[in-house]
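K.L.:
after the sequence you'll find the predicted model.
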Amino acid sequence: MNAEELFNQAVAKLGQGDIFGAIADFQTAAIICFKRRNMAFYQQIQETIAQHQQ
């Protein structure tokens, strides 16, 4: 599974109320992006996490 698929899966889990599952998927996607130097997508993940922590 790539970072984008994990991101989409995490958003779906948020919609289902599975906060901890979503966080795990967001973190895994962020790690993949960071390792591949995909900083634009990494930033999008961080912004999405921040929005849902409020």
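P.N.:
Structure received.
K.L.:
which elements pack onto the worst-scoring helix or strand of the chain on mean pLDDT?
P.N.:
Using mean pLDDT, DSSP states H and E, the weakest-scoring helix or strand in the chain turns out to be helix 39-53, at a mean of 80. Applying 3 or more CB pairs under 8 Å, 6 or more residues apart in numbering; DSSP states H and E, we find helix 39-53 packed against helix 3-15, helix 19-35. Bear in mind the C-beta positions are built from the backbone N, C-alpha and C, glycine included.
K.L.:
where does the spatially most central residue of the chain land on pLDDT?
P.N.:
The structure's the chain has its C-alpha centroid closest to Phe26; by CA atoms, centre = their mean the separation is 2.5 Å. What the model reports as pLDDT for Phe26 is 88.
K.L.:
do Ile19 as well
P.N.:
So, for Ile19, pLDDT stands at 89.
K.L.:
list the residues that contact it.
P.N.:
13, 52 (CB atoms under 8 Å, 6 or more residues apart in numbering).
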